[in-house]
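J.: Would you be able to build a 3D model of this:
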Amino acid sequence: AVQRVHKDEIFRLSGFVIYLFFAFLFLFHYFDSNFMINILLSSMPLVIVGLKEDLFHNTSPKIRLLSMLMCCLIFFYINPITFPVLDIPLLGAVINFYPVNIIFFTFSILVVMNGMNLIDGMNGLFGFTALFLLLAISIIALNIGDLYIMEIAILFAAPLIIFLLFNFPFGKVFMGDLGAYFYGFVIAALVIYLFGKHDFLVTWKAVLILFYPCFELLFSFVRKLVNNVNPLSPDNRHLHSIIYQALKNQNFTSLQSNCFTTVILIPLYSIPLIFILFFKSANFLNILFALMLMPIIYLSI
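T.: Model prediction:
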C-alpha cells in the first residue's frame, strides 16, 4: 500500500488474538456484562471481513465499510441504549429523533473506526491513542461513580499495554484492520453509552475524546475531494505519514522516524486524557478551547 512504512512483513493479527481473548473470557464466564457480550456478537461481521483483509489484503473498501455498518446496526438492535443529546441548540434536539439518531451515531462510529485504522502503521501510535482514550473514558466513569463502564474500559485497555510492549518501539506486531476497527468500534460505543446513560455530562467532552481519529479521517476525506481523488483510496498524505517522511529526509533511519513520529504526536492524542485528568469541572468554554487547540496543533505540525 502507498501508505506503508515497513519494508518487511509484520505480524498484523494482534486484533484477532485480542478478540479471541475476550471471546475466551466470555465462553468460560470470566465476566458477566451484557455490553461486552453485545460488543463481541455485533462485531462478528467486522471480524470476518477484517481477518480476511489482514490475511489476504484483497478486500475492497466498500465491503469493509459494509461490514462496519452491519456491526453498528446489529449493536443498536441487540443493545438498546439512550443516545446522548448534543449540547447544540436545535441540532441536538433534531438528532434525538428516530431514525435520525440511529443514522447520526452510526455515522459517528464509522468515522471513529476508520480514523483509528488510519493511524495503525506507526509504531505505538494506535496503541497509545486507543489506551489514552480508554483511560479518559474510565476516569470520567470513575468520577461520576459508574464503576460498570470504568471496569469495561479498563478491561479493553489492559491488552493494549501488552500489545505496546511488542509494538513500540520496534514494531514487531500490529493490530491489523480487524484490531483497529474493533477498538474504534469499542471506544465509540463506550462513549455513546456513557454519555447517553448520564445525560448531565457535557457531551462536548465526548467530542474531545474522539476528536483526533475523527479529524484525521474527515480532514483526509475533504482533502481528497478537493483534489478530485477517490475518498476511499489510500494515500500517504496523513499527518503521521508527512512527519515520518520529513524525518527521513533529515537522515533519520526508518525506525527512528517511525518512533519519533509517535512521540511528536503526543500533544494530539494525549490532550483528552490530560484535559479530563486536570480539568474535571471544565465548562463549555474550556472544552471549546481544547477542541480548537487540537486542529491548530494538527495543522501546524
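J.: what about His175, how many neighbours?
T.: Slight slip there: residue 175 is Met, not His. Burial measure for Met175: 30 neighbouring residues, criterion other Cβ atoms under 10 Å. For the C-beta atoms, the positions are set from N, CA and C on the backbone; glycine is no exception.
J.: thinking it is in contact with Phe16, fair?
T.: No: using Cβ atoms under 8 Å, Met175 is not in contact with Phe16; the gap is 9.3 Å.
J.: Now do the helix or strand hosting Tyr212: which elements does it pack against?
T.: For Tyr212, the element it lies in under DSSP states H and E is helix 204-226. If contacts are counted by 3 or more Cβ pairs under 8 Å, 6 or more residues apart in numbering; DSSP states H and E, helix 204-226 sits against helix 100-118, helix 125-143, helix 176-197, helix 271-278, helix 284-300.
J.: To what extent is the residue nearest to Phe83 when sequence neighbours are not counted buried, counted in neighbours?
T.: Residue nearest to Phe83 in three dimensions, not counting chain neighbours: Asn101, with 4.6 Å by Cβ to Cβ, 6 or more residues apart in numbering. A count of nearby residues for Asn101, using other Cβ under 10 Å, gives 18.
J.: Same check on Gly184?
T.: 30.
J.: what's the answer for Met113, then?
T.: Met113, neighbours per other Cβ under 10 Å, totals 27.
J.: cool, and the one 4 residues further on?
T.: Burial of Asn117, expressed as a neighbour count using other Cβ under 10 Å, amounts to 26.
J.: pull the CA atoms of the helix holding Tyr212 into PDB?
T.: Extracted as PDB, the C-alpha positions of helix 204-226 are listed here (Å, rounded to 0.1, in the frame of the first residue of the first chain):
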ATOM      1  CA  TRP A 204     -18.600  18.200  24.200                       C
ATOM      2  CA  LYS A 205     -16.300  16.100  26.300                       C
ATOM      3  CA  ALA A 206     -17.300  13.100  24.100                       C
ATOM      4  CA  VAL A 207     -16.300  15.200  21.000                       C
ATOM      5  CA  LEU A 208     -13.000  16.000  22.700                       C
ATOM      6  CA  ILE A 209     -12.300  12.300  23.400                       C
ATOM      7  CA  LEU A 210     -12.900  11.200  19.900                       C
ATOM      8  CA  PHE A 211     -11.500  14.300  18.100                       C
ATOM      9  CA  TYR A 212      -8.100  13.100  16.900                       C
ATOM     10  CA  PRO A 213      -9.100  10.000  15.000                       C
ATOM     11  CA  CYS A 214     -12.300  11.700  13.700                       C
ATOM     12  CA  PHE A 215     -10.400  14.800  12.500                       C
ATOM     13  CA  GLU A 216      -7.700  12.600  10.900                       C
ATOM     14  CA  LEU A 217     -10.300  10.900   8.800                       C
ATOM     15  CA  LEU A 218     -12.500  13.800   8.000                       C
ATOM     16  CA  PHE A 219      -9.600  16.100   7.100                       C
ATOM     17  CA  SER A 220      -8.300  13.400   4.800                       C
ATOM     18  CA  PHE A 221     -11.700  12.900   3.200                       C
ATOM     19  CA  VAL A 222     -12.200  16.600   2.500                       C
ATOM     20  CA  ARG A 223      -8.600  16.900   1.200                       C
ATOM     21  CA  LYS A 224      -9.200  14.100  -1.300                       C
ATOM     22  CA  LEU A 225     -12.500  15.500  -2.500                       C
ATOM     23  CA  VAL A 226     -10.800  18.900  -3.100                       C
END
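J.: Buried residues, whatever helix or strand comes next after that helix. List them.
T.: Downstream of helix 204-226, the first helix or strand assigned by DSSP H and E is helix 239-249. Neighbour counts over helix 239-249 (16 or more other Cβ atoms under 10 Å) mark 239-241, 243-244, 247-248 as buried.
J.: cool, and stretch 173-186?
T.: Those would be 173-186, for stretch 173-186 by 16+ other Cβ under 10 Å.
J.: could the residues you listed be laid out in TSV, adding pLDDT and distance to His57?
T.: Formatted as TSV, the buried residues of stretch 173-186 follow (pLDDT from 0 to 100; distance: Cβ to Cβ, whole Å):
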residue	pLDDT	distance to His57
Val173	92	17
Phe174	92	13
Met175	94	15
Gly176	92	10
Asp177	94	9
Leu178	95	13
Gly179	96	15
Ala180	96	14
Tyr181	97	15
Phe182	97	18
Tyr183	97	20
Gly184	97	20
Phe185	97	21
Val186	97	24
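J.: I'd like to know which of those is nearest to Asn143.
T.: Val186 (20.6 Å; Cβ to Cβ).
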